[in-house]
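[1] Next comes the sequence, and after it the predicted model I'd like to discuss.
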Amino acid sequence: MIERTAEVIVVGGGVIGCSIAFHLTRLGVKDVLVLEKGTVAGQASGRSGALVRMHYANEPEATLALAALPWFERWNELVGGDCGFVPTGFLQLVHPSDNDKLRQNTAMLQRIGVETRLVAAEEIAELQPGLEIGDDEMGAFEPRSGYADPVRTTCGFAAAAQRRGAVVQEGVEVRGLLARHGRIEGVETGAGPISGPRVVLASGGWSPALARPLGIDLPITPARVQLAIVQRPATIPAGPAGHRAIIDRRFGFYTRPWGANGTLVGLSSYHGRMDHLDAYAQENDAEFIPLARQHLSRRFPSYATAPYLRGHAGPLDVTSDGRAILGQAPGVEGLYLAVGMSGSGFKKSPAIGACIAELITDGAARTAPLHAFRPTRFAEGEPIQGVEYDLPASARDDGQIASFRGRGLIH
């Protein structure tokens, strides 16, 4: 039976929506209702690469990621259960032409409190055996970072919220937002209306269609992104921490362990538009598998013939500047936005949830500043910008991979 009223209605049962619900209950809001049209963690969240790292080319995102890290590290104490966090350590690699940018960004990260350091080629080879590195290459290393289990993280937030009184309802489609005289009044679902004075839109690529009738134009384009899991060669240690989590801008891939003997691989620029969010191919494209192996083996030669185990595709909600939209919706009191994660929401989800919950209950976020992520920044001509790394031809497979954005998408 659908609840007909709620103090706060959260639209979307992904990691962002469930984190918001958890943090609302942590702050004392008991009457929280999460509505998910499918299943919790059934779309982008459950299909995430789930890297946990803080290396960003801009301070606002890095600050959110830094605030989120302790939640992964102390999950059982702070949330309960196990989110599958594995602190493998994280390596950020760039093309040698971006070494100065790497120095600049690493200095910024150190200034805000991120535990990171520059590493030269010799130390990179020591940190990750089996990896080929040129004498002129540099990286940045975060010893506390790694990855988590995206489904266990999302479901962990949902379960913790429910223990504190929240209601999470799956299979309930929100078909519209109800507002009058510039004030949110609830949502319209497939089973009828639900009233509530505060609504949080956290439904990823499905959000623009819900916001548009209220005069809110979200600059979001859905994208389909893929991940492949390949067999780890015998030269790379087994186990969930068998190798580092890595983002390699020179060769355009990101990777981390998958289980005891697998390695997850994603490509920075292999993605495309999604015209039908509810009907997309969920398996890997045939050409993606050899491309993923090829890009990975440019850095790890032992993966050149690594057997393909499995893979999947999932939807992302990509904004025009590639950063999240977080805050009070313009022109509609009581409506809050937590959308446009652009493939990088998972690692920030504990902090995003805390910030949105604080905004709702206290009128301002305390966990991290949200001003840079405000929904009005696009109309104001103030997109979030950073000292971005290039994505060279070596990362694009000689143009065979169509780039969604100039710098590609990274989880």
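    Looks like it came in fine. Residues are numbered from 1 along each chain as shown.
[2] could you point out where the protein is predicted with low confidence?
    Where the chain drops to pLDDT under 70, the residues are 1-3, 397-411.
[3] ok so Arg152 is a helix residue?
    Yes: with DSSP: H, G, I helix; E, B strand; the rest coil as the criterion, Arg152 is located in a helix.
[4] Show me the strands in the stretch 251-400 of the chain, by range?
    Counting by DSSP state E, counting those that start in this stretch, the segments of the stretch 251-400 of the chain that form strands are 253-258, 262-273, 308-319, 325-328, 335-339.
[5] What are the phi and psi values at Val200?
    Dihedral angles of Val200 (phi, psi; degrees, to the nearest 10) stand at phi -110, psi 120.
[6] quick one: it and Glu7 touch, right?
    No: judged on Cβ atoms under 8 Å, Val200 makes no contact with Glu7 at a distance of 11.5 Å. C-beta: built from backbone N, CA, C; applies to glycine.
[7] These two: who's more crowded?
    Relative neighbour count places Val200 above the other of Val200 and Glu7, with 30 against 14, counting by other Cβ atoms under 10 Å.
[8] In this structure His243 contacts Thr235, no?
    No: in this structure His243 lies outside contact range of Thr235 using Cβ under 8 Å: 10.4 Å.
[9] Of these two, which one has the most company?
    Comparing His243 with Thr235 by neighbour count (other Cβ under 10 Å), the higher total belongs to His243, at 22 against 11.
[10] any idea how far the more buried one lies from Leu264?
    Taken as Cβ to Cβ, to the nearest Å, the spacing of His243 relative to Leu264 amounts to 11 Å.
[11] Overlap in contacts, those two.
    Counting by Cβ atoms under 8 Å, 6 or more residues apart in numbering, the residues touching both His243 and Leu264 are Thr255, Arg256, Pro257.
[12] Identify the bridge partners of the first one.
    Listed beta-bridge partners, Thr255: Ile246, Val265 (assigned using DSSP bridges).
[13] I'd guessed it sits against Ile246; true?
    Yes: under the criterion of Cβ under 8 Å, Thr255 is in contact with Ile246, at a separation of 5.2 Å.
[14] which one of these two has more residues nearby?
    Remark: of Thr255 and Ile246, Thr255 carries more neighbours, 28 against 25, as counted by other Cβ under 10 Å.
[15] quick one: contacts for that one?
    The contact partners of Thr255, taken as Cβ under 8 Å, 6+ apart, are His243, Ala245, Ile246, Asp248, Thr263, Leu264, Val265, Gly266, Leu296.
[16] if we go to 7 Å?
    With contact set as Cβ atoms under 7 Å, 6 or more residues apart in numbering, Thr255 has these partners: Ile246, Thr263, Leu264, Val265, Leu296.
[17] repeat for Glu73
    In this structure, Glu73 makes contact with Phe85, judged by Cβ under 7 Å, 6+ apart.
[18] Show me the domain layout of this structure.
    8-47+151-220+321-377, 86-145+222-314+388-395 (automatic domain parsing).
[19] Could you point out which of these sits nearest Glu77?
    With Cβ to Cβ, the closest approach to Glu77 among those belongs to domain 8-47+151-220+321-377: 11.7 Å.
[20] re the thing from before, just put the domains of the chain in JSON lines and tack on distance to Ala65.
    Formatted as JSON lines, the domains of the chain follow (distance: least, Cβ to Cβ, whole Å):
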{"stretch": "domain 8-47+151-220+321-377", "distance to Ala65": "5"}
{"stretch": "domain 86-145+222-314+388-395", "distance to Ala65": "8"}
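[21] Those domains: which one's closest to Ala62?
    Ranking these by proximity to Ala62 (Cβ to Cβ) places domain 86-145+222-314+388-395 first, at 5.7 Å.
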